[in-house]
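>>> I'd like to go over a predicted model; first the sequence, then the structure.
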Amino acid sequence: MTAPEQAAVLVDASEHRGGTGTARFVLKKVVEAAVSILLVIVLFFFLFRLLPGDPVATMVRERPTGPKQLAELREQMGVDKPVLVQFGQYLWGLLHGDLGTSYLVRGRPVADMIAERLWPTILLVGSATVLAVVLGLWLGTRAAWRRDSAFDRTQTGIALTLWSVPQFWLGLILLVATNGLFPSRGMHSPDAAPDFFSQTLDVLHHLVLPCVTLLAVFYAQYMLIMRSSLLGEMNADYLTTARAKGLRDDLVRRRHAVPNALLPTTTLVFMQFGMVVSGAVSVEAVFSWPGLGQLTYDALHGPDLPVLQGVFVVLAGAVVLMNLLAELLYRVLDPRVRTS
């Protein structure tokens, strides 16, 4: 075999190993994600069974009900069966896309209740997350590049403060500070005109306060992580080489430092997008925003176990899925991960 033929064989073998390694990596991560979701399902099912309160008693608390009727209701709802039997039925329903039926809203499928609350949550937390990513990464880059300046110290102090502030408390402070300038409850005004433009403006008007509340907390995470990542790249040899070639400082930062500093924030960004569907229970409760957070808050008062289980399965699935996508994307963005 000639030298060129040997080289070709070695290249083919290397590519085959790389493809096999990638397939093995993807399969491993998918299996880990599936196991994580299964563990979450098991954990939340048995954890919610420990919540105080009787859902049957809650349903009939406003009307007199005899022991026989209570027993019939428990049989209809399936809560009279052993816990392991209930879990088996619940797991079988999940495999067929059935999240169960609400205890408090008789005959209402949990999947329908989650579906109608999903869009308001995506609108609120998705808008806040996108704005937080843009603002946090921009401020984090500026703060790191001007390390120990007044701008850096001021922005870092503000970010640390906002990151530590409870969301519900910040929401209440904004309600008091704006003094009725923005709506404090709900997503729509009953007196808004029915046309599309007026309805859109009305929703955006209601969106301001809850979105700003989440934005103030979310952006701080991205700002601090981006600042820390960029500081770790500041003294790298490739930046010194870029400066030695005569590149302007702005070009060195934009073309070389920032792309490498963005890698550690990739997982954080995707995990935060996974939390988009989870919403913020406290913020939605403060502003009566009709999303998944408000649905969870109402279900806890029941307790409405099928709704709680369904919501948390959806939330956990979203977080696990986004974490999986982050790990796969990280492997694409960083060659060092592919060769390790």
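That came in fine, so what should we check first?
>>> any idea how far residue 105 is from residue 112?
10 Å (C-beta to C-beta, to the nearest Å). To be clear about C-beta, it is placed using only N, CA and C from the backbone, and glycine gets the same treatment.
>>> Which element, helix or strand, includes residue 50?
Per DSSP states H and E: residue 50 is located in neither a helix nor a strand.
>>> in stretch 43-53, what's buried?
Residues of stretch 43-53 classed as buried: 44-45, 48 (neighbour count, 16 or more other C-beta atoms under 10 Å).
>>> okay, those in TSV with pLDDT and distance to residue 122 next?
What follows is these, written out as TSV (pLDDT from 0 to 100; distance: C-beta to C-beta, whole Å):
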residue	pLDDT	distance to residue 122
44	81	22
45	82	26
48	73	25
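>>> can I get these in a markdown table with secondary structure and distance to residue 165?
Formatted as a markdown table, the buried residues of stretch 43-53 follow (DSSP: H, G, I helix; E, B strand; the rest coil; distance: C-beta to C-beta, whole Å):
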| residue | secondary structure | distance to residue 165 |
| --- | --- | --- |
| 44 | helix | 28 |
| 45 | helix | 34 |
| 48 | helix | 29 |
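>>> Comparing residue 105 and residue 112, which residue is more hemmed in?
residue 105 (16 against 13; other C-beta atoms under 10 Å).
>>> measure the more buried one to residue 256 for me?
Applying C-beta to C-beta to residue 105 and residue 256 gives a distance of 56 Å.
>>> Where does residue 297 sit, in terms of helix or strand?
Using DSSP H and E, residue 297 sits in helix 292-300.
>>> and that helix, what other elements does it pack with?
Under the contact definition 3 or more C-beta pairs under 8 Å, 6 or more residues apart in numbering; DSSP states H and E, helix 292-300 sits against helix 110-145, helix 281-286, helix 305-333.
>>> Out of those, the one nearest residue 272 is which?
helix 110-145 (5.5 Å; C-beta to C-beta).
>>> from the middle of its chain, how far away would the closest one be?
Computed by C-alpha atoms, centre = their mean, to the nearest Å, the separation of helix 110-145 from the middle of its chain amounts to 8 Å.
>>> same question, stretch 97-115
From the chain centre to the centre of stretch 97-115 is a distance of 22 Å (C-alpha atoms, centre = their mean).
>>> end-to-end on that stretch?
13 Å (C-alpha to C-alpha, to the nearest Å).
>>> what comes up buried for that stretch?
Buried, per 16+ other C-beta under 10 Å, within stretch 97-115: 98-105, 109-110, 113-114.
>>> now stretch 215-235
215-227, 229-231, 233.
>>> And residue 24, how far from residue 331?
In terms of C-beta to C-beta, residue 24 sits 12 Å off from residue 331.
>>> Residue 267 too?
With C-beta to C-beta as the criterion, residue 267 and residue 331 are 12 Å apart.
>>> Check residue 87 too.
36 Å.
>>> all helices for the stretch 1-150 of the chain, in order.
3-48, 55-59, 67-77, 83-95, 110-145, 150-164 (DSSP state H, counting those that start in this stretch).
>>> tilt between the fourth one and helix 110-145?
Counting by axes from the mean of the first three to the mean of the last three C-alpha atoms, to 10 degrees, helix 83-95 points 80 degrees away from the direction of helix 110-145.
>>> what's next to helix 83-95, contact-wise?
41-42, 45-46, 49, 78-79, 81, 99-100, 309, 313 (C-beta atoms under 8 Å, 6 or more residues apart in numbering).
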